[in-house]
Every structure is written in structure tokens, then in C-alpha cells.
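**Student:** Need a 3D model of the sequence below.
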Amino acid sequence: MSNLLPKICAYCYLIVRLHFIARYSARTEHWIIITIPYVYFIRRIFQNFMIRRQFLHYLSLIGLSSGLNGCLSSIPEQLYPASSFGNATLLHLTDCHAQLLPVYYREPSINTGAGVSNNRPPHVTGLAFLNFFGIKPDSKEAYAFTDLDFAEAAAVYGKMGGFAHLAALIKQLKESSTHGNILLLDGGDTWQGSATSLWTQGRDMIEACNLLGVDVMTGHWEFTYGSGQVQKNCAVFKGDFIAQNVLLSEESQFAFNANSDQVFKPYVIKEFNDSRIAIVGQAYPYTPIANPKRFIPDWRFGIQEKRLQQLVEKIKQQKIADVIVLLSHNGMAIDLKLAASVTGLDIILGGHTHDAVPNPVWVKNSSGRTCVTNGGSHGKFLAVLDLDIRNHRLNDLRYRLLPVFSNLLEPDRAMENLIATIRQPYLARLQQNISVADRLLYRRDTFEGTFDRLLLEAQRTVNDVQIALSPGFRWGTTILPGQIITYEDIMNHTAITYPNTLRRTLTGYDIKTLLEDAADNVFNPDPYYQQGGDMARAGGLNFRCNPNAGTGNRISGLRFSNGELLDASKPYTVSSWASVNQEASGQPMHTVLLEYLQQHG
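**Tutor:** The predicted structure is shown next:
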């Protein structure tokens, strides 16, 4: 490292010079304009070969560590310290969407809820979110949990997640545990969301999860590989794949001469020296509606509330567990209602809606109360639930949702090597440079995202249509302004098993009906009828949406960008992708986007 010292000296001299220019400038904006570029520049220089402690060590050799250490005072020397608590710990990861490497992922600036749920967790964003949860603005936690000044904060704090960094954090938590009774639970949406997961049918993620040490998981997008592939994948997965609400249809049960209608184990019991924990699986209940039913024709889903209640009562009557946990992919709105209806559940570890909620929500029901959580997405967070189990019951718990800052964790070497091996055959294709982002490109927001706009414009241009439609998916990584867009970035937003575009002619009435159906899925006042995504996106067409209006009356003011009203009886050319109810024969969305970017930059 000695050959780096001259470079470090030069860069630090530049920092000092710029610092004094900004310090003695009378205008605040000078400080902001000057500070952001050089913090970003220095971070980029060092992020690939050292973590913070190493960085400060080398600066100390040249006598400059004290000033910079003050700038980074919000970052502790020991990452994620915590005193011991309880006698069992559940680690919860959910909705990583096959992101093996660290990513940027911007949380929503708008997260509109239906009716009374609006402006309550998880439908709180930005400064309101920070105030609600007592998080300091302009901190690394504010960067992790909100969209505020995202591009600037990302330049300072870097990417998040990554399985090598998750592995390092999990090992740190296990090594610091005084009881050693630890389970790693995966809430699903793990095998889908990247190019390599699509090309390997989820096998890359199973290898990574096996090395990570996942004990139990449930699913959602996993099912889009088809029932046969799911069963093959489960045979390779070393943990337990569970789901009490995935059942054989009556016809299939008869045809297969099956003794039970259960497709997967409904629950597992994990025993420690002095405690027993029941983990019940709850897969995404609307898989055959939100995704093509043709992939799982013999399986039926649903919330299965009565069945769940009977299962909980059976576990309690048989006294085979001290604590009952629901590992859920319902989405937080459904989990909150379910917790109020089903008695006997101690904890719901939730996913699907990608809501990063730092504190659990306690829901009262007729027999007590249930702790409901939601663990974020894309590998950005690891939930830690410490349990104090005494006298065969849950006495107390402590919950932490830990942001996974990849710059502050030394990656696990074994996981790094596995990821490199998985990616190596595809590396040249993944790293193909396609274009450069001229703005922050993100997907997550209730009504639209800038990457969604890109998908819509690509469809309108390449497929030569008046109107484009795109699903309100919440998965897909964020790209910073000035960042090179690679083929991997394209696939991070389009890697599904039914990616083809569909070009057709629809009337104005048909288009409004489609948008009304999408709005009802998002804003239905009954959580059991919400499917958990964001509002469908429309390109070439503007409209107003009133979330609190009745079914069929939420969408109004449909106009083209030139102000022309949409005519209910007039036909229009429309392009869409990810068709659920019919197989599309057009070019895959990733091909359409690639062609658009290559032509238009």
C-alpha cells in the first residue's frame, strides 16, 4: 500500500484546498456545490479497495485523519454493536430480488395508502418518516430509509446490500451472540430479479442462500419459474421451503392420488436448548392473479385465513412450540389485517411490499397482540429479532432493522468467491456499456418512476404506438446521474419469465378500465383485495387518480400530452409488457429497451 501514499497525499491536499474555499465563502450554495463533488470523488477512489477503518488508518500515516474523522463522526468504529438480549434470535431477509452485488435503491418519495392507512406506517416518507421514527436528517440512516437528497447521499454513503456483505454481517451477529440460538429466515422474492437468476432459473440464488445459511423460506416470484422448476430448486435448497397457503387443486389432488392437498410443508418447528419456535409459511396469496397462472396450473393460493387459524390452534393444543412466527409474503397491509383477525400468532415477519419499517407495529386481537414487521428489499436491510422466551412463552423481544452499508462491512471472502464464480460465464454480457444516465433513474413511487418513464418511451418509440403501459413493479435498482447504464442494469428491471411486449388496439374505454383495475388493486380499502404493487404506469397519456374514490371511479382526466382528451369509443394503438392473462409474441422488454437506448442514447 506504500505506493498509494503519494496519491492519498495529493487527494487530501485537494480536499483541504476545496474545504477552505468553501469555508470562507459567504454563500451556503458554494459549500454544497464544492463539497459534494469531492466527497463523491474521494469515495469512488477508495471504495473498491478499503473500508472506513483502513481509510482512516492510511490517512493517519500522513496526519490528516482527525479532520476527516470529524466529518464521519456519525459512523461508528464498530459496526452494528448491540448488547446481548434474550435466548433466541431470528434474522430476517426478504425481497432481495436476486441482487448478489451491492446496489443503489431509492426508497419512495410518495407511498400513498388507501383510506385511514394513509400517512401511517408504512405509508410515511421523507421528513415525515424521519420525524415519525426519530431518525436524524442528513445521516446514513436517513439515506438508507428515505429518498431525501438521494443522489448526493449515495455519493457519500455508497451502495447497500450485497450477499458478501450480508454474509459478513450475519457472521458478526452470530459470533457476538451469547446464546447461539439463531435462525436465518428468507421471506421470498429471492430467486428473481437479475439476469443471472433468470438465466439459471434461480439456481445462482439457491447456491448463495445455501452458503449464507438460510434455514427457512417462503416464496412469490419464485413460482414464476413454473411448478416443475420450483420443485427441482427446492430439492437443491438446503433449508425448508414452507407455505401453508399453497395447495393442490381438487382435480390435481385426485389425478396425483395425493394424500394431502399441501404442496409444501405448512410449518417447521426449530428447537433450541430451552425454547421451541414454530415457523409458519405464508406465500404470496395472489400469485395466480398477479403472475401468469399457466406457470402453476395445479396449485391454488389465497390468504387461507381460516386454515391458518386452525393450524395455529393445532400447534398450541399439541404444545409443540413456545413461540409461533408467521414468515409472510402477504404485504404489510394484509399482515396488519391478518394480525387483527388470527389469534395466537406472536410475530409476523413480513415482505412483498418492500416497506422498510424500523419499528414493529403491535396489533391487538381478541387473545392478545401480534408484532408485525416488514423488512425492506434488495438486500439493503437485515432484520434482527431477539426473543426472550421463558416458561414456554414469549416474554419480551427486541427488533432492529439494520441497514447493510457495503462500504462499512468487509465482504465475506467465501461468498465473494462464489458470486464471482456464478457471474464469470456471463460477465462480458452483463458489463456491456449501453448508455449514460442523464438523471436519477429509479422505479419505486406510488404513481411513477423515472426508469418506468424510460420503459414507456422505449415501448412507444420501438413498437410505434400512441400509448404505452407498464406494471407498477417495485423491484429494480437505482442508477445515479452520470452512471453508465449496462446491460445488467437493463435486466435488473426486466428479468422475468414473461417479458414479451404486446402491441394491440384498445378503445379509450378499454384503457380506462385497465387503469381502474390497477388502481383498485393498489387502493382498495380492504387490504385483502390489495396486491401490493404501485400504480400501473402510462406513457403518452396523463390522468388523475383519486385513491379514496369508489371502485371504477378513481381515474379521470385522461388526456394526451397535447391536451387532447381520450375518446372512450375511439381505438388507439397500445404497447404493454409482462402480460398475465395472455402470452405475448412481441419483442422482450429488455430487447426493446436496449434498442431504444442504442438508437437514442
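
**Student:** Need the mean per-residue confidence for stretch 562-581.
**Tutor:** Per-residue pLDDT values over stretch 562-581 give a mean of 97.

**Student:** so how far is the first residue of it from its last?
**Tutor:** End-to-end distance of stretch 562-581 (Cα to Cα, to the nearest Å): 32 Å.

**Student:** Give me the distance from it to the chain's centre.
**Tutor:** Put simply, stretch 562-581 sits 30 Å off its chain's centre (Cα atoms, centre = their mean, to the nearest Å).

**Student:** all helices for the stretch 251-400 of the chain, in order.
**Tutor:** Shown for the stretch 251-400 of the chain, the helices assigned by DSSP state H, counting those that start in this stretch span residues 287-290, 305-318, 332-341.

**Student:** can you pull the contacts of residue 447?
**Tutor:** 110, 112, 534-535, 545 (Cβ atoms under 8 Å, 6 or more residues apart in numbering). In this view, the C-beta of every residue, glycine as well, is placed from N, C-alpha and C.

**Student:** In strands, which of those appear?
**Tutor:** Among the contacts of residue 447, the ones falling in strands (DSSP state E) are residue 545.

**Student:** Looking at the contacts of residue 447, spot the one nearest residue 83.
**Tutor:** Nearest to residue 83, judged by Cβ to Cβ, of these is residue 110 at 37.7 Å.

**Student:** Return the distance of that closest one relative to residue 444.
**Tutor:** 9 Å (Cβ to Cβ, to the nearest Å).

**Student:** if we can go back for a sec, could I get the helices of the stretch 251-400 of the chain as CSV with distance to residue 424, mean pLDDT and mean neighbour count?
**Tutor:** Formatted as CSV, the helices of the stretch 251-400 of the chain follow (distance: least, Cβ to Cβ, whole Å; pLDDT from 0 to 100; neighbours: other Cβ atoms under 10 Å):
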stretch, distance to residue 424, mean pLDDT, mean neighbour count
helix 287-290, 33, 97, 20
helix 305-318, 43, 98, 15
helix 332-341, 38, 97, 23
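
**Student:** of all those, which lies closest to residue 521?
**Tutor:** The minimum distance between residue 521 and those falls on helix 287-290, with 8.2 Å, by Cβ to Cβ.

**Student:** helices or strands up against the closest one?
**Tutor:** With contacts defined as 3 or more Cβ pairs under 8 Å, 6 or more residues apart in numbering; DSSP states H and E, helix 287-290 has no helix or strand neighbours.

**Student:** Start at 35, not 1
**Tutor:** In the new count, where the first residue is 35, that last one comes out as helix 321-324.

**Student:** returning to that earlier point: list buried residues within the contacts of residue 481.
**Tutor:** 146, 568-569, 579 (16 or more other Cβ atoms under 10 Å).

**Student:** Show me which pair in the residues you listed is furthest apart.
**Tutor:** Pairwise over the buried ones among the contacts of residue 481, using Cβ to Cβ, the maximum falls at 568 and 579, 11.4 Å.

**Student:** could the helices of the stretch 285-434 of the chain go into CSV alongside distance to residue 444?
**Tutor:** Formatted as CSV, the helices of the stretch 285-434 of the chain follow (distance: least, Cβ to Cβ, whole Å):
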stretch, distance to residue 444
helix 321-324, 38
helix 339-352, 41
helix 366-375, 33
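
**Student:** Let me see the ranges of the strands in the stretch 335-484 of the chain.
**Tutor:** Remark: strands assigned in the stretch 335-484 of the chain by DSSP state E, counting those that start in this stretch are 357-362, 381-384, 395-399, 402-408, 415-424, 427-437, 467-470.

**Student:** for the third one, packing partners?
**Tutor:** Here strand 395-399 touches helix 366-375, strand 402-408, going by 3+ Cβ pairs under 8 Å, 6+ apart.

**Student:** related to what we said a few turns ago, which of the helices of the stretch 285-434 of the chain sits closest to residue 187?
**Tutor:** helix 366-375 (24.8 Å).

**Student:** Quick one: list the elements packing against that closest one.
**Tutor:** helix 339-352, strand 357-362, strand 381-384, strand 395-399, strand 402-408.

**Student:** residues near the closest residue to residue 554 other than its chain neighbours, how many?
**Tutor:** Using Cβ to Cβ, 6 or more residues apart in numbering and skipping residues adjacent in sequence, the residue nearest residue 554 is residue 585, 5.3 Å away. Residue 585: 13 surrounding residues under other Cβ atoms under 10 Å.

**Student:** Quick check, pLDDT for residue 585.
**Tutor:** 95.

**Student:** I figured it hits residue 552, correct?
**Tutor:** No - contact criterion Cβ atoms under 8 Å: residue 585 and residue 552 do not qualify, at 12.0 Å.

**Student:** Low-confidence regions, the stretch 85-234 of the chain specifically.
**Tutor:** 85-115 (pLDDT under 70).

**Student:** how much space between the nearest residue to residue 175 once chain neighbours are set aside and residue 176?
**Tutor:** Once flanking residues are discounted, residue 175 sits nearest to residue 169: 4.9 Å by Cβ to Cβ, 6+ apart. Residue 169 is 6 Å from residue 176, where distance means Cβ to Cβ.

**Student:** Neighbour count: the two, which is higher?
**Tutor:** residue 176 (21 against 17).

**Student:** Am I right that that one falls within a helix?
**Tutor:** Yes - assessed by DSSP: H, G, I helix; E, B strand; the rest coil, residue 176 belongs to a helix.

**Student:** residues contacting it?
**Tutor:** 164, 169-170, 182, 187.

**Student:** Now list the buried members of these.
**Tutor:** Buried residues within these, defined by neighbour count using 16+ other Cβ under 10 Å: 164, 169, 182, 187.

**Student:** Closest one of those to residue 514?
**Tutor:** residue 187 (10.6 Å).
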